[in-house]
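*Asks:* Sharing a model that was predicted from the sequence below.
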There are 2 protein chains.
Amino acid sequence: MTKIKHALPVTRAEDFAQWYQAVIAEAELAEESGVRGCMVIKPWGYGIWERIQKLMDERIKDAGVENCYFPLFIPLSFFAKEAEHVDGFAKEMAVVTHHRLIADGEGGLIPDPEAKLEEPLVVRPTSETVIGAAMARWIQSWRDLPMLTNQWANVVRWEMRTRMFLRTSEFLWQEGHTAHADEADAMVETLRALEMYRSFSEDVLAMPVVAGAKPENERFPGAVDTYSIEAMMQDGKALQAGTSHYLGTTFSTAAGIRYQDKQGQQALCHTTSWGVSTRLIGGVIMTHGDDDGLQTPPQVAPHQVVILPMLRDNDGDEALLAYCEGIRAALAVQTVYGERVRVLLDKRPGKATAKRWAWVKKGVPLVLEIGGRDAENGQVSVLRRDRLWRDDGKVDFQGQDRDAFLSAATAEIVAYGNALHAAATAWRDARIQRGITDLAGLTAYFADEREQSALAPGWVELGWSRPTGAALDKVVEQLKALKLTIRNTPMDAAKPAGMCPFTGEPAVETILVARAY
Amino acid sequence: MTKIKHALPVTRAEDFAQWYQAVIAEAELAEESGVRGCMVIKPWGYGIWERIQKLMDERIKDAGVENCYFPLFIPLSFFAKEAEHVDGFAKEMAVVTHHRLIADGEGGLIPDPEAKLEEPLVVRPTSETVIGAAMARWIQSWRDLPMLTNQWANVVRWEMRTRMFLRTSEFLWQEGHTAHADEADAMVETLRALEMYRSFSEDVLAMPVVAGAKPENERFPGAVDTYSIEAMMQDGKALQAGTSHYLGTTFSTAAGIRYQDKQGQQALCHTTSWGVSTRLIGGVIMTHGDDDGLQTPPQVAPHQVVILPMLRDNDGDEALLAYCEGIRAALAVQTVYGERVRVLLDKRPGKATAKRWAWVKKGVPLVLEIGGRDAENGQVSVLRRDRLWRDDGKVDFQGQDRDAFLSAATAEIVAYGNALHAAATAWRDARIQRGITDLAGLTAYFADEREQSALAPGWVELGWSRPTGAALDKVVEQLKALKLTIRNTPMDAAKPAGMCPFTGEPAVETILVARAY
């Protein structure tokens, strides 16, 4: 097999972390902004986020949840209240202390000492407290329940080490917050959101995930139960791609979210919260990216088909453009995944080859290159993003009859999406290790130091005795020494047989153990 | 005529400012958040904003503009640079100085003195500077131009006196930022955005506006030209509802946005910016609201039709609900304004009358009340929001045959929208005063102290000599004494005859003078 000259300057096998940055740069997804830990999301990256927002928002609304918008700023006192009742309260937050800038007399600006806020304001790291206060105002009676709210917003968590899309100081997300009459109803909502995230990841992002319950030590502070979806990246690490929390009455107690029940008695609401963020884009990159850039899942691709006319700056260009426009128009009225096909005729100046690689690196499902002769002969030349290379190292363009292509195009887009999902699922399933029964086995499995490589070990599924308290702390320490964490207990996991490798007691629950982002 | 008992606790004529707050409260659009100057946008208000976003975003994308996302935080140094070249630099901004909270030892929290930022960060009041820096990185050659970007974001301007939707410390908006090879191309974009806002306001929001050029003293700091759309509120005041700026090379000089032209020479880009915000909702309220609440324009109404079954908690309810569901389903597959009809069957517990008034106050175009007898007889009872009252003071429900209603429903929704637009336009046009030729006349026209009333004077259109410098300052002072400002020079205004009432020189330009929000 001839050596393939890939489009990225670094491959996954060479350096996975560098490769990840290269995909983001070369696919023009985002870039560093110059503001610490904050990124600029560029049109292709933001276009993917807009698609995620649109399709997730439909699912959220279909569940009867209503969107609201709550303030960016949260008074310090709200956190003081939360800090009292929540261990592990996160304190790394952006704090606004002044409301005016003045000249410092040396050509610069400084916060005006005269304009110091009486009470500092915190830039929201999450909106539990401020939404809890609103719910306490809005909920009076059982008739107001369930109250199902969501917001799409930016949030800020001061992060010491940032990585684009995965961990940034500012990120975009949705946060669902709901209040219910009792635990049973709140738990239905918690699991509904979890299942929404699971099916969205699988069906829309073509990203296989394991939905499950977090162990006690990995719960959101204040939560009674935390559930997550976990995706396996191509370096074998786990990415927590979404969470759903049953908060019991922790937050309703703190915020005073009460209702009058049918018997006229005051009762505390049971609340939930659930969220996904721009981190999903990081998951898509590390699930579907290859050494030629991103492979964008078709339902979130801003363009599903890009048509590149091979212009020659001569008399033939007009006929060629008309031919390409005909193909564009014929695709644009077709429907795939219940929406119109998103097709772009890229007429910008520039060499067709450079433009081809720009779109390949962005992961457009189908790229069409069309020259004058194709136009004369009613042909198109089609490149499917997941079938880029021939065995001889050449780019695998398929010459097709125009009409045949047009009648098969939407099926081809779906086939591409299904192929991404199948490949990622097969890849992941082959890397979930079972049958490890002791710590030595676990240590040996993860001893391989290829963690920067696509050939790294994956996850271990094993049974444990679900220790609590100090015994759990000890397990967490043992895992930490191996750079491991417990990801979750899969929803459909069978009861394990055998013994817990950590405690030596009988195993009662199945867990996934992995390195993680 | 019998006295009508209106749904709001206060009428426009009694107290316009109080009425405005009452609409917001009773229509459940928004509420104070407890955070100074920030509001909570509730589902109905946020639903209107989502509709505005969707329909405006389509127009923005159709113009070839690409959405991005830029950081919330802007380093202080960016403003120092801007402060140098822009007179009138706005300094009231939220300043982040610390990145951690710690316990103060007395049960509270304080910013950690150890976690003081080396360079404070400003919460974006607008993103010209940070987007300018990005454009300077992204633009190399004439091939990269025009660069057309937009972002939907929250911004913060510390406001001393706030009013919901009109002037809040945090608000939601879109900001378009574009870079062009020359003034002509930038001016085309500036006017394209202005026309987009004008037609959006008229066609989507049913809100008549005057598009025009701002006088020199009302320009955005740093802009060469500022254009606005101005809407007349029902108290006669003007609301600036959107702006579009031609920025010349002011910002490209500051940020170094240069390109290599076709001759290989370096040249500065010409930039524009344009924006509308949640303020539009304030404009909709004060354009279309009446003494019974909001009248929501149909294209931005989250529900265009609400069906209220008159449940009796008896055996008949099942058949009634089935009948209502049939109507809902028959409406939901119909198309109006190019989209599916948005229809809600409101099955929540509670009295039908209370629910009716809740939806009337929210301004749903058509409310259907359906009782058991209607269901038996194939009837519906329809209330059109702009025809609420009969002469005898009763609510003007129209009994209709079900099928006749269904076949006319979308036409009725459009007729309602057209009626809102026609009424607001006629109202405004009757309140633009012409023929005032001297300051005494202007003073007399606005002497009427009914400014809190719906009967207030409107705008004055007159010719002026377009003074500059000190002469302009004097005019601005004269107007200020009358609480007036120059709104704009309408795009289609004829050259005036006669003399300027301020300078006594020949008038050269037509302007609108008004009290304003």
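*Replies:* That came through fine. Residues are numbered from 1 along each chain as shown, chains lettered A, B, ... in the order given.
*Asks:* Look at the residue of the stretch 201-350 of chain A found nearest chain B and say how many residues are nearby.
*Replies:* Residue nearest to chain B within the stretch 201-350 of chain A (CB to the nearest CB): residue A:349, separated by 5.2 Å. Quick note: C-beta positions are derived from backbone N, CA and C, even for glycine. By the measure other CB atoms under 10 Å in any protein chain shown, the count of residues near residue A:349 is 10.
*Asks:* Confirm it sits in a strand?
*Replies:* No. Under the criterion used here (DSSP: H, G, I helix; E, B strand; the rest coil), residue A:349 is coil, not part of a strand.
*Asks:* and the gap between it and residue B:146?
*Replies:* Counting by CB to CB, to the nearest Å, the gap from residue A:349 to residue B:146 is 13 Å.
*Asks:* Setting aside sequence-adjacent positions, which residue approaches residue A:468 most closely?
*Replies:* Excluding its sequence neighbours, the residue lying closest to residue A:468 (CB to CB, 6 or more residues apart in numbering or on different chains) is residue A:216, at 6.3 Å.
*Asks:* Need phi/psi at the one you found.
*Replies:* Dihedral angles of residue A:216 (phi, psi; degrees, to the nearest 10) stand at phi -50, psi -40.
*Asks:* doesn't residue A:471 make contact with it?
*Replies:* No. Taking contacts as CB atoms under 8 Å, residue A:216 lies outside contact range of residue A:471: 11.0 Å.
*Asks:* phi, psi of the closest residue to residue A:161 other than its chain neighbours?
*Replies:* Closest residue to residue A:161 apart from its sequence neighbours, by CB to CB, 6+ apart: residue A:167 at 7.1 Å. The phi and psi values for residue A:167, taken as degrees, to the nearest 10, are phi -160, psi 100.
*Asks:* From chain B, how far off is residue A:167?
*Replies:* The spacing between residue A:167 and chain B, counted by CB to the nearest CB, to the nearest Å, is 15 Å.
*Asks:* Bridging across strands, which residues link to that residue?
*Replies:* residue A:163 (DSSP bridges).
*Asks:* how many neighbours does it have?
*Replies:* Neighbour count of residue A:167, defined by other CB under 10 Å: 16.
*Asks:* quick one: what helix or strand has the residue sitting furthest away from the middle of chain A in it?
*Replies:* Most distant from the centre of chain A: residue A:315, at 47.4 Å, with distances by CA atoms, centre = their mean. Following DSSP states H and E, there is no helix or strand that holds residue A:315.
*Asks:* rewinding a little: residues contacting the residue nearest to residue A:161?
*Replies:* The contact partners of residue A:167, by CB atoms under 8 Å, 6 or more residues apart in numbering or on different chains, come to A:159, A:161, A:279, A:517.
*Asks:* Most neighbours among those residues, which one?
*Replies:* So for these (other CB under 10 Å), the most neighbours sit at residue A:279, 22 neighbours.
*Asks:* that older thread, could you pull up the residues touching the residue farthest from the centre of chain A?
*Replies:* Applying CB under 8 Å, 6+ apart, no residues contact residue A:315.
*Asks:* what's it sitting at in phi/psi?
*Replies:* The phi/psi pair for residue A:315 (degrees, to the nearest 10) reads phi -60, psi -30.
*Asks:* Give me the distance from the helix or strand harbouring residue A:480 to the chain's centre.
*Replies:* Per DSSP H and E, residue A:480 falls inside helix A:469-481. Distance of helix A:469-481 from the chain centroid (CA atoms, centre = their mean, to the nearest Å) equals 28 Å.
*Asks:* what's in contact with that helix?
*Replies:* A:215, A:216, A:217, A:439, A:464, A:467, A:485, A:486, A:502, A:503, A:513.
*Asks:* Tell me the first helix or strand C-terminal of it.
*Replies:* As assigned by DSSP H and E, the chain's next helix or strand after helix A:469-481 is strand A:485-486.
*Asks:* For that following strand, name the packing helices and strands.
*Replies:* Applying 3 or more CB pairs under 8 Å, 6 or more residues apart in numbering or on different chains; DSSP states H and E, we find strand A:485-486 packed against helix A:469-481, strand A:509-514.
*Asks:* can you redo these as JSON lines with mean neighbour count?
*Replies:* Listed next are these as JSON lines, based on neighbours: other CB atoms under 10 Å in any protein chain shown:
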{"stretch": "helix A:469-481", "mean neighbour count": "14"}
{"stretch": "strand A:509-514", "mean neighbour count": "22"}
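*Asks:* Go through those and name the closest to residue B:307.
*Replies:* Closest to residue B:307 of the helices and strands packed on strand A:485-486 is strand A:509-514 (CB to CB; 47.8 Å).
*Asks:* gap between the two ends of stretch A:343-356?
*Replies:* For stretch A:343-356, the first and last residues are 15 Å from each other (CA to CA, to the nearest Å).
*Asks:* what is the rounded mean pLDDT of it?
*Replies:* Mean pLDDT, computed over stretch A:343-356, is 92.
*Asks:* Of the contacts of helix A:469-481, just the buried ones, ChimeraX syntax please.
*Replies:* Buried residues among the contacts of helix A:469-481 (16 or more other CB atoms under 10 Å in any protein chain shown), as a ChimeraX selection:
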select /A:215,464,467,485,486,502,503,513
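*Asks:* Most widely separated two among the contacts of helix A:469-481?
*Replies:* Within those, A:216 and A:439 form the most distant pair, 20.2 Å apart (CB to CB).
*Asks:* Now do the buried residues in the lowest-mean-pLDDT helix or strand in chain A.
*Replies:* Among the helical and strand segments of chain A, the one scoring lowest on mean pLDDT, DSSP states H and E is helix A:76-85, with a mean of 76. Neighbour-count burial for helix A:76-85 flags A:76, A:78, A:79, A:80, A:81, A:82, A:83 (criterion: 16+ other CB under 10 Å).
*Asks:* how about these in a markdown table, adding distance to residue A:6?
*Replies:* Converted to a markdown table, the buried residues of helix A:76-85 look like this (distance: CB to CB, whole Å):
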| residue | distance to residue A:6 |
| --- | --- |
| A:76 | 51 |
| A:78 | 50 |
| A:79 | 48 |
| A:80 | 53 |
| A:81 | 54 |
| A:82 | 49 |
| A:83 | 50 |
